[in-house]
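Asker: All I have is the shape, not the residue letters:
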């Protein structure tokens, strides 16, 4: 949740970078298409097609950014930031389609090979394309990391990869000119495989962001350490960070605090934590409370030991013992690999019941929501 000035700057820089990519890729695509058609090189023609898909990718990135910045409304209270991920999914489909078409043409060329006609000008143009793509890739990646744009970062990686592809085309041209061998169709096939692979990886990453993936482990660690630094915070658990776009997130967390704190002190503590996280990490955090007293320390230690004795149990927290209504409540952190959760819960329940006879036992399973 950056301020308006930050958002405007981010949009401006990403848009500018996108237009630079459009201009550069149109020029590269035009040059390569002419050279490929004149020389009869399918590898160069496919390389030109790949550059053309980069143009389309940049256009969709810019359009997606414009749509994603729309303000929240009654139907989308968390904004439209995830549109950036959907634009990346569309780009992925275009890239995969281009790769499949390229593969088909390459197979035709392998079956019916024709020797391309290369010359010095051809090699110079391809060499220049390698250099341009290297510079463009580094620029895109730097801008993507600076302005938290997965689309730009991916475009940067794609551009660097294009440089490698263009270099392989250059190598194939040299082989044809020196030894008379025609690896053109095979090079086109290899290029097609890498285009398809890049598209699939982009698709999986974008879909994962839409579904909701684990937050960056370094971010989670820093947030937890920041919260743990507050006075009266005895433990930090259940951190969740829900991503609603590259630039907007909402989170929640549970903290353990001394049971003797008054409501006013708890309210003040949670507001301080919320403001600190908002200032330093730019997202809003809801803070839940686990009250810890000294009266039941021995029982908590026994319950914790009983739970940890089971395989795939990482930790327990929020152990709450209410003597008035005879209730024991605990959260148990388990591995995603646990297949039969009910069986594990029944086993822990039986052991805790032995430790706390006559009490109703409530167990809630948690998993690792953040790194």
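Answerer: Thanks, I have it. What you see is a predicted model; the values in this text were computed from it and never measured.

Asker: For the stretch 101-250 of the chain, which residues score under the pLDDT cut-off?
Answerer: 114-119, 121-122, 150, 154, 161, 164-165, 180, 182, 184, 247 (pLDDT under 70).

Asker: residue ranges of the strands in it, please?
Answerer: Using DSSP state E, counting those that start in this stretch, the strands of the stretch 101-250 of the chain run over 235-243, 249-258.

Asker: the inter-axis angle of the last one versus strand 235-243?
Answerer: Using axes from the mean of the first three to the mean of the last three Cα atoms, to 10 degrees, the inter-axis angle of strand 249-258 relative to strand 235-243 is 170 degrees.

Asker: What lies in contact with strand 249-258?
Answerer: 1, 78, 223, 227, 232-244, 266, 269, 273, 277, 282-293, 317-318 (Cβ atoms under 8 Å, 6 or more residues apart in numbering). Quick note: C-beta positions are derived from backbone N, CA and C, even for glycine.

Asker: Need the strands of the stretch 101-250 of the chain in a markdown table (columns: distance to residue 358 and mean neighbour count).
Answerer: As requested, those are arranged in a markdown table below (distance: least, Cβ to Cβ, whole Å; neighbours: other Cβ atoms under 10 Å):
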| stretch | distance to residue 358 | mean neighbour count |
| --- | --- | --- |
| strand 235-243 | 28 | 19 |
| strand 249-258 | 26 | 19 |
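
Asker: Turn those strands into TSV, including distance to residue 147.
Answerer: As requested, the strands of the stretch 101-250 of the chain are exported to TSV (distance: least, Cβ to Cβ, whole Å):
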stretch	distance to residue 147
strand 235-243	16
strand 249-258	16
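
Asker: picking up where we left off before, just the contacts of strand 249-258: which are in helices?
Answerer: The helices, defined by DSSP state H, take in 223, 227, 266, 269, 273, 277 from those.

Asker: nearest spatial neighbour of the last one, skipping sequence neighbours?
Answerer: On the basis of Cβ to Cβ, 6 or more residues apart in numbering, the spatially nearest residue to residue 277 that is not a chain neighbour turns out to be residue 285, at 4.5 Å.

Asker: Show the average pLDDT along stretch 297-313.
Answerer: Mean per-residue pLDDT for stretch 297-313: 92.

Asker: Flag every buried residue along it.
Answerer: Buried residues in stretch 297-313, counted by 16 or more other Cβ atoms under 10 Å: 299, 300, 302, 303, 304, 306, 307, 313.

Asker: Which of these sits closest to residue 188?
Answerer: Using Cβ to Cβ, residue 313 comes nearest to residue 188 of those, at 53.5 Å.

Asker: could you list every residue that touches that closest one?
Answerer: 307, 332, 333, 334, 335, 344, 348.

Asker: Give me the nearest residue to the last one, chain neighbours excluded.
Answerer: On the basis of Cβ to Cβ, 6+ apart, the spatially nearest residue to residue 348 that is not a chain neighbour turns out to be residue 307, at 5.4 Å.

Asker: What of residue 71?
Answerer: residue 79 is the one closest to residue 71 (Cβ to Cβ, 6+ apart), at 7.1 Å.

Asker: Please apply the same query to residue 200.
Answerer: That would be residue 96: by Cβ to Cβ, 6+ apart, it lies 6.4 Å from residue 200.
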